[in-house]
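*Asks:* Generate coordinates for the sequence data below:
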Amino acid sequence: MTFDPAETRARLWQLLGDIPAPMTPEVELLSRRDEATFALDHFRFVNGLGDAVYGYLLLPRDIDYPAPAVLYHHEHGGKYSLGKDAALRIRENGYAPGIALAEAGFIVCAIDAYGFGQREHEGPGGKSESGRETETSLFKQFLWQGRTLWGMMVHDDLCALGSLRGRSEVDASRIGTAGMSLGGSRSTWLAALDTGVKAVAPISQMTRYADFAAQGEYRRHAIYYYVPGMLASGLDMEHIVACTAPRSQLILTGDSDPLSPLSGIHTIMEYARAVYADLGAADELELMLYEGVAHAYLPDMLRRMLAFFSRVL
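*Replies:* Down below sits the predicted model:
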């Protein structure tokens, strides 16, 4: 089949608006804390537009450096105060995903997206706004500036990726990305736009935009998710997923998730599998579809993610 990933990436960048080029930021270490199995760095960098981005770096103990790394993206779920702490807090499935990755031997980086964690009050209204108010104001502000909130979130993730590559502890040829829900979409877009990402594992977010729109339930995704012109562009999630070919990709999602209609998942996989097959990499794209499961982060999803990164990174 005919698929041009470079052209697709260029069109995706156009949809995202007037977004600065990815950069390797200057990282400021705010503090370091020693844990039993890893050292935890709290850091900050400026993203090229004057906005501060806060993050964590987990450096495992008793491993050989340089080591593989995973950029872990937090979810949404209205948990605006959580942000990057999603990597450290034990979830409903009994695991803290960032700690699990670190204990499996991976350096882990996690940042706060716009409006989350330490950035919950860092919108146009400052301390007078929080949570969804900050998110909505940021969306409006970026529209007026010719940008998109989604594009700026992805830009910050690309900056974090650049900071990882620049660290002496990290093997830059072995970097993966993962996350759940909002974090799953951030992972998919990041791997599509940056060919240096070796492996990606999106969890519980594989939304084909046209199929989701056909449901008419726009309320299910928060405002960050909506990119002007996306449905009119001729592009959809199958093209974004295909941009990662022939690199390793494991998609973990439920077949009853209203945020990711099953019909769309099948369309995505049919198209992306054909692209992977054309490149001789059919085995590098895998879907684990959980029967009867809605929007969830199951223990088995985390176990499969860990096994996947251990194999390919």
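*Asks:* going forward, measure contacts between C-alpha atoms and count neighbours the same way
*Replies:* Fine.
*Asks:* now the helices: where do they sit in the stretch 51-200 of the chain?
*Replies:* Counting by DSSP state H, counting those that start in this stretch, the stretch 51-200 of the chain has helices at residues 97-103, 132-144, 149-165, 182-193.
*Asks:* Of these, flag the one that's most buried.
*Replies:* Among the helices of the stretch 51-200 of the chain, helix 182-193 has the highest mean neighbour count (mean count of other CA atoms under 10 Å), at a mean of 25.
*Asks:* Compute the inter-axis angle for that one and helix 149-165.
*Replies:* Here the directions of helix 182-193 and helix 149-165 differ by 70 degrees (axes from the mean of the first three to the mean of the last three CA atoms, to 10 degrees).
*Asks:* what mean pLDDT does helix 182-193 have?
*Replies:* When pLDDT is averaged along helix 182-193, the result is 98.
*Asks:* Can you tell me what sits against it?
*Replies:* For helix 182-193, the surrounding residues in contact (CA atoms under 8 Å, 6 or more residues apart in numbering) are 9, 72-76, 153-154, 157-158, 177-179, 197-206, 240-244.
*Asks:* and what of stretch 14-26?
*Replies:* With CA under 8 Å, 6+ apart, stretch 14-26 has contacts from 13, 45-49, 145-148, 150-152, 155, 158-160, 162-163, 166, 227-230.
*Asks:* that older thread, for the helices of the stretch 51-200 of the chain, give me CSV that also has distance to Ala36.
*Replies:* Supplementary listing: the helices of the stretch 51-200 of the chain in CSV, determined by distance: least, CA to CA, whole Å:
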stretch, distance to Ala36
helix 97-103, 10
helix 132-144, 36
helix 149-165, 23
helix 182-193, 27
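*Asks:* Between these, which one is closest to Tyr271.
*Replies:* Nearest of the helices of the stretch 51-200 of the chain to Tyr271, taken as CA to CA: helix 182-193 at 14.9 Å.
*Asks:* Can I get that closest one in CSV, CA atoms only?
*Replies:* C-alpha atoms of helix 182-193 as CSV (Å, rounded to 0.1, in the frame of the first residue of the first chain):
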residue,chain,number,x,y,z
LEU,A,182,-4.6,10.9,27.8
GLY,A,183,-1.2,9.4,28.4
GLY,A,184,-1.9,6.8,25.8
SER,A,185,-2.7,9.4,23.1
ARG,A,186,0.4,11.4,24.1
SER,A,187,2.5,8.2,23.6
THR,A,188,1.0,7.4,20.2
TRP,A,189,1.5,11.0,18.9
LEU,A,190,5.0,11.2,20.3
ALA,A,191,6.1,8.0,18.6
ALA,A,192,4.5,9.1,15.3
LEU,A,193,6.2,12.5,15.3
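*Asks:* Begin at 44 from now on, thanks
*Replies:* Renumbered: residue one is now 44, and that last one reads helix 225-236.
*Asks:* burial measure for the residue nearest to Ala147 when sequence neighbours are not counted, as a count.
*Replies:* Leaving aside its sequence neighbours, Ala147 sits nearest to Leu349 (CA to CA, 6 or more residues apart in numbering; 7.4 Å). Using other CA atoms under 10 Å, Leu349 has 18 other residues around it.
*Asks:* which residues touch Leu349?
*Replies:* By CA under 8 Å, 6+ apart, the residues touching Leu349 are 143-144, 147.
*Asks:* which residues are contacting stretch 196-207?
*Replies:* Residues outside stretch 196-207 that contact it (CA under 8 Å, 6+ apart): 62-70, 90, 96, 112, 114, 152, 154, 156-157, 213, 215, 229, 232-233, 237.
*Asks:* still on that earlier bit, starting at the chain centroid, how far to the one helix or strand the residue nearest to Ala147 maps to?
*Replies:* Taking DSSP states H and E as the criterion, Leu349 maps to helix 342-355. Chain-centre distance of helix 342-355: 16 Å, with CA atoms, centre = their mean, to the nearest Å.
*Asks:* Name the residues of that helix that are buried.
*Replies:* Buried residues in helix 342-355, defined by neighbour count with 16 or more other CA atoms under 10 Å: 344-345, 348-349, 351-352, 355.
*Asks:* May I see those organised as CSV, with pLDDT added?
*Replies:* Shown next, in CSV, are these (pLDDT from 0 to 100):
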residue, pLDDT
Met344, 97
Leu345, 96
Met348, 98
Leu349, 98
Phe351, 98
Phe352, 98
Val355, 98
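*Asks:* Noted, bye for now.
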